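In: mind looking at a prediction? Sequence and model below.
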Amino acid sequence: MKKKSQLALLIAALFPASVLAKTIQGTVVNTQGSAIRNAVIELEGSDIKVTTDKNGHFVIAKLNNGLKELHIVAPGYAHLHRDITIDTDETRSVSFTLQRSPIEVIDIEATPIHMSAMESASPVSVLSGEQLRRDQAATLGDTLEKLPGVNTNFHGKVASTPIIRGLSGPRVLITQNGLDVSDVSRVGPDHSVASEASTAQQIEVLRGPATLFYGSGAIGGVVNIVDNRVPTDSTTRGEWNVEHNSVDNQKVASFNATTGTDSFAFYADAFWREANDYEVPVAADIDSDGESHSGDYTVENSNEESDGFTVGASYLMDNGFIGLAVEQFNRQYGIPGHSHGDESEHSDEESVFADLEQTKVQLLGEYNLNNKWLNKVNLRAGHTDYEHAEIEGGAVGTTFKNETNELRIDLLHNQFSEWNGGFSFHYKNSDVEAQGEEAFTPPSETESFAVALIEERHFGDFLVQLGGRIERVELNASNVLLPSIDAHAHNEIDIHDDHNHEEETNFTRVFDAEHEFTPVSLSAGVVWDFTPNYNLGLSVSRSERAPSASELLSFGPHIGTATYEVGALFDLDEDGHLGLSEQTIDLETANNIDLTFRKTQGDIGFIFNAFYNQVDNYYYQINTGLYAESGHNHDEDEHNHDDEDEHSEELPVYLFKTDDVILHGFEAQIAWQLTDEFKLDLFSDYVRARLKDGGDLPRTPPLRFGTEFSYQTEKFSAHIHVTRYQDQDRTAPEETATDGYTLIDASVSYDLSILNQDLSLYLKGTNLTDTEARVHSSFLKEIAPRPGRSFALGIRGYF
Amino acid sequence: MTKLFKLKLIALAVSSTLITACGDAETNIVEKDPIAVVDDEHESDDEHDDGYTISSFGRLAVLAGDSNEASFFDLDDNALLDTFVLNDDSNTLSASPDFRYAVIANRTQDYLGFIDGGMWREDHGAHLHDYEQSPVFSSYELTSGSRPTHLITHDGQLAIFYDGDADSGASASVEVLTDNDITNATATLTGINYDINMHGVAEPRGEHLLSTIRRDDASSTSNAKVLPDQVGVYHLHDGNYELEQTLEVTCPDLHGAAQNHDYVVFGCGDGVLIAHQQGDVYNAKKVVNINAVGAQRIGTLYGHKNNDTIFGIAAGHDGSDSVLLSIHPENAEMEEVEWQLADGASAVSYSFSASGEHFLVLDSLGFLNVLTGHDHDGEMHWELAGQVDITQADVTTMPEGMSFSMTVAQNGQFAYIADPIAQHILQVHLEDLEVEGELELTFPPAAITWLGIAQEEHAHEH
């Protein structure tokens, strides 16, 4: 340690020499004793972060006396946590030895306290780097579906949201840099998520209740998409990618770049994607009677076109940064199956497509204070303006809008009797409306304000994480409509001829509905490093969720799910008419227990999670057995109202009810580094979602298991990925079972350096056996299977 | 299973310990007035009724002459639907391009507001879907332009010409909007921003916009320099109108414009400028004033997309001694119409009927003069088909500053005429030339406009 590294000099130069402060310096090595470069040493509860040089050296200066918690992170290695007490020594010299971890450990940014797959009480996963680039798809659910515990609700490749442990929609929150992505993807499966994976840096998934950090909408989990749009440093770097995919003739191009000066940093990204209808190995419709077919089978109207860009800038200070970013996101996609009656002779039936547009402004900042109480303030503010129009035959059918303003402030305190943590304040206001024929939910405004306290502390071999959050949610809708629809059963013969055509005028009842909810969430977790290299985590939580506007106020045809949706505000009376519900509207409450057992380092690493989640007052839809007019008529040529009418213009009425539900299951991940080059990964997950009083919930993903075999050298890498989806025969009453299938993917990539740029050429094959794969958790499983065999060829560059 | 059972026990334990911290939910529902929905089968014996369209006379918006109120009436039962108080006095009233909204313009207040008449049609692809709701004041308003003066609608578009103001240094501008823009409260409309004020006019034609250009005073051929003397063809590209062509024929002291399917005509001091659309290019011609114009000039023009004739009115500044001229753009001809106003009468309102078959002139003596065109050897001549006397009262008792006014229904052969003396509105059938209905008012009407669902062309065949 006699020779000071350049980095140390650099760091020393940053601090005024007059300050009499203590220094920690040292080396980071691996188990063979070789230096690890680019390892990051973080001082917990502060913003101090240094990186080792090529000799594995680091220096942290300007420290005062006391206990210092250091966190050492290096890619490919297990994170190391060390407490160092500084008292009289001017300079402490230390040496850290990192153990290999075959499971990549990446800290998440979604939470104010430190969490990672290996270290936190509740389960998280992160998709980043090469793996993110390998898995990235046009839609978010499809991008994340290889993560344990995460499935996609695959909507014909044009839209998808992640299903976390069997929960999705209003229960899984999607955020961009910690702020609500603010689209309408939670309302219908055909609504795309307004976020892009190809320009993201990492995507984080919090499995299980995360209401503590994100409030009501996160009772099933959170997906946080992280990018560098508000740059936190000005190091010039960037990435670009072009790719062509054969199954849908998809062309993708994207880039992101960061640069700047000492005090200003700038960021830009952009992407463009165009895809045709995708090919499938069999006829798309499961009921197709094998009629002769020329050419390839495709899923009609599954084409897509999207583009977007983001620009951001920030001001870098010694103690933090503040910056602003603006994003424009556009997407046009066909909605497969968005039609009625399956008359195949209507091949030129006009297609329905969605035209989505969003403008997102984010203001992010971080400031480290030298205050007696506070050491850091995090600020996140966002404004988004979202609109998507569903266009049918050239005319706008329905327009959905969402305007959201959001503000989060985290105040992190100085270590207080060894507790790290802080308060979080969160305000959000969303104005959501739909206009047109599919406007099944009336315009509503949701405003929420929350305060949360999150703390963690190490007690010897134990890490304790505690949190509580109280939230106030106001949901106001001034024009909730209750039309007098003629909902009727189909088994009553001749009722069809008996419409009361004499009455000339019907009345739509109108209500002004105001809801006020106060959900409270509490969570406690402990991680016990009971023996070296292993830990055991337990997390218990009780989370409450305020129901969403669509669950309460809906009344109308929802073409995306082909149902007539009626919210929980309404109910059927004894005569079978729909009126206001007598039931009180209550919060949904999840009591969740998570058990985690991990091997954190060595040539074999694993993570086993088991969870048991009892959700009381779970909002879900039941089939009333009644039918209502869709108000959406496609066959105008044939107006012979004969009795052969197959009710094709009618939709089944689904009513939101509440019931107690139990979800339990597991996720398992094992990684085995066979040699320096070869690695084997195994994974499996399962969820059982059932009603407490018997019966299963619909669209629950089946048992899955799979393996990935990788070969990686400095220049060359190859991966073979096999996933088996089992049959799903635990179905809800109106649902059919789905056959299992096995997907085989493979990829190779070769890195080369040209003109001072690192390039990576890759070839990726998906569904290599060209198997028919229908996704049980998809609303379109009967008409849109997964894409057939496809080869993607691409090139990626880094600078 | 034992593991599961244990987990269950722990879950129970957790939930019971935390139950005291349980949250709270409160719901408050107030029922409001219901909305009447016309039943699918409502008195429609059309052969092509698919249950989504409404058969209705439509609605009338009426500005009061003695207060700043706008009232909306249902023409099926003459019921008053609602009354709205407007911000200021001396508004003008017109209909939005698709007749859903009443457009309230106030030139001096730089204000345009919109009241939803409550009846509109949506094209749902496979069928047309009609809506009938209560009138409601839209929160959408346009206040950024200076001196909104000429509002011209054509084929689903409204072009607002803002004159600007030399005193305050505000420049002229144009905004183009559709009913959808009003519905969606479009924040930024497409249009033109000039760098000088002018008393101009803009004619919207789909992706084209023909709008006037004021040159610097030295180059301008206008006598009154605030009047433009050139016409530009603007083309919509990526949401912006770009000047693609400046018509080479000048039009000194340009005032007034009208268009039909192929031609746009502008009134000039020395005649009329005719612009003929050929694809994206317009050819310009000047037709000089004929003798009948005399010392006047043509400053007001009327056109209908289904009629080849454009009417021009040559008049002095006060509207006296006006001469009605028919202009035939395809022949580049101008002709004095045989029928002219009777002595002592002045025109208070002109309009084509909805089908374009009739040209209506309402005069100050209380006569609605209905002209129809007849083809003589390939030339269209306009003759008086008849007159409807709409008042028995002494027209000199007309309240100060008021006059008869007229609007044309777009779903049939009716015109509605407001009479401030009798305080009523008459429904006149334009084929039968008879008064067929009366709507009593409790105030003198200053202006009226028809709102509702316009009928597609060729709907009325005889």
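Out: Received the coordinates, thanks. Small disclaimer: the values here were computed from a predicted structure and weren't measured. Numbering: from 1, shown residues only, chains lettered A, B, ... in the order given.
In: please enumerate the helices of the stretch 201-350 of chain B.
Out: In the stretch 201-350 of chain B, no helices are defined using DSSP state H, counting those that start in this stretch.
In: got a list of what the residue of it found nearest chain A touches?
Out: Closest to chain A within the stretch 201-350 of chain B is residue B:239: 12.5 Å, counting by CB to the nearest CB. Backbone N, C-alpha and C define where each C-beta goes, glycine included. Residues in contact with residue B:239 (CB atoms under 8 Å, 6 or more residues apart in numbering or on different chains) are residue B:190.
In: what residue is smack in the middle of chain B?
Out: residue B:95 (4.0 Å; CA atoms, centre = their mean).
In: list the contacts of that residue.
Out: Counted by CB under 8 Å, 6+ apart, residue B:95 has contacts B:61, B:101, B:102, B:103, B:153, B:407, B:449, B:450, B:451.
In: quick check: closest non-adjacent residue to the fifth one.
Out: Using CB to CB, 6 or more residues apart in numbering or on different chains and skipping the chain neighbours, the partner closest in space to residue B:153 is residue B:97 (4.4 Å).
In: does the one you found touch residue B:152 like I think?
Out: No - applying CB atoms under 8 Å as the test, residue B:97 and residue B:152 come out as separate, 9.6 Å apart.
In: the two: who's more crowded?
Out: Using other CB atoms under 10 Å in any protein chain shown, the more surrounded residue of residue B:97 and residue B:152 is residue B:97, with 26 against 20.
In: quickly run through the sheet partners of the longest strand that chain B contains, with directions.
Out: Longest strand of chain B, by residue count under DSSP state E: strand B:24-38. Partners of strand B:24-38 in the sheet, by DSSP bridges, are strand A:505-518 (antiparallel).
In: give me the distance from the partner strand to the chain's centre.
Out: Relative to the chain's own centre, strand A:505-518 is displaced by 32 Å; criterion: CA atoms, centre = their mean, to the nearest Å.
In: low-confidence stretches in the chain?
Out: Picked chain A for this. Within chain A, the stretches with pLDDT under 70 are A:1-21, A:45, A:89, A:289-295, A:338-350, A:490-506, A:631-649.
In: should've been chain B
Out: Looking at chain B by pLDDT under 70, you get B:1-22, B:36-51, B:124-126, B:316-320, B:456-462.
In: pop the domain breakdown of it in here.
Out: With domains defined by automatic domain parsing, chain B comprises B:45-87+B:342-462, B:144-340.
In: ok, then the element right after the longest strand of chain B?
Out: Using DSSP states H and E, the next helix or strand after strand B:24-38 towards the C-terminus is strand B:59-64.
In: which elements pack onto that next one?
Out: Applying 3 or more CB pairs under 8 Å, 6 or more residues apart in numbering or on different chains; DSSP states H and E, we find strand B:59-64 packed against strand B:69-74, strand B:92-95, strand B:445-451.
In: the shortest one: partners in the sheet, and parallel or antiparallel?
Out: Spelled out, it's strand B:92-95. By DSSP bridges, strand B:92-95 pairs with strand B:101-106 (antiparallel).
In: export the partner strand as PDB, just CAs?
Out: Output of strand B:101-106 as PDB, limited to C-alpha atoms (Å, rounded to 0.1, in the frame of the first residue of the first chain):
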ATOM      1  CA  TYR B 101     -71.100  22.600 -31.400                       C
ATOM      2  CA  ALA B 102     -72.400  26.200 -31.300                       C
ATOM      3  CA  VAL B 103     -69.400  28.500 -31.800                       C
ATOM      4  CA  ILE B 104     -69.600  31.700 -29.800                       C
ATOM      5  CA  ALA B 105     -67.100  34.200 -31.100                       C
ATOM      6  CA  ASN B 106     -66.400  37.600 -29.600                       C
END
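In: what's near enough to touch the closest residue to residue B:266 other than its chain neighbours?
Out: Using CB to CB, 6+ apart and skipping the chain neighbours, the partner closest in space to residue B:266 is residue B:273 (4.3 Å). The contact partners of residue B:273, taken as CB under 8 Å, 6+ apart, are B:231, B:247, B:249, B:251, B:254, B:265, B:266, B:284, B:285, B:286.
In: same question, residue A:429
Out: Going by CB under 8 Å, 6+ apart, residue A:429 touches A:404, A:405, A:406, A:445, A:446, A:447, A:448.
In: let's see 10 Å
Out: Listed by CB atoms under 10 Å, 6 or more residues apart in numbering or on different chains, the contact partners of residue A:429 are A:403, A:404, A:405, A:406, A:407, A:445, A:446, A:447, A:448, A:449, A:474.
In: next SSE after whichever strand or helix holds the last one?
Out: Per DSSP H and E, residue A:474 falls inside strand A:462-482. With elements assigned by DSSP H and E, the helix or strand that comes after strand A:462-482 is strand A:488-489.
In: count the neighbours of residue 155 for me.
Out: Looking at chain A here, since you left the chain open. Using other CB under 10 Å, residue A:155 is surrounded by 28 other residues.
In: not what I meant, chain B
Out: 12.
In: dihedrals phi and psi, it?
Out: Per-residue torsions, residue B:155: phi 50, psi 50 (degrees, to the nearest 10).
In: could you do residue B:403 as well?
Out: Per degrees, to the nearest 10, the backbone of residue B:403 is at phi -160, psi 170.
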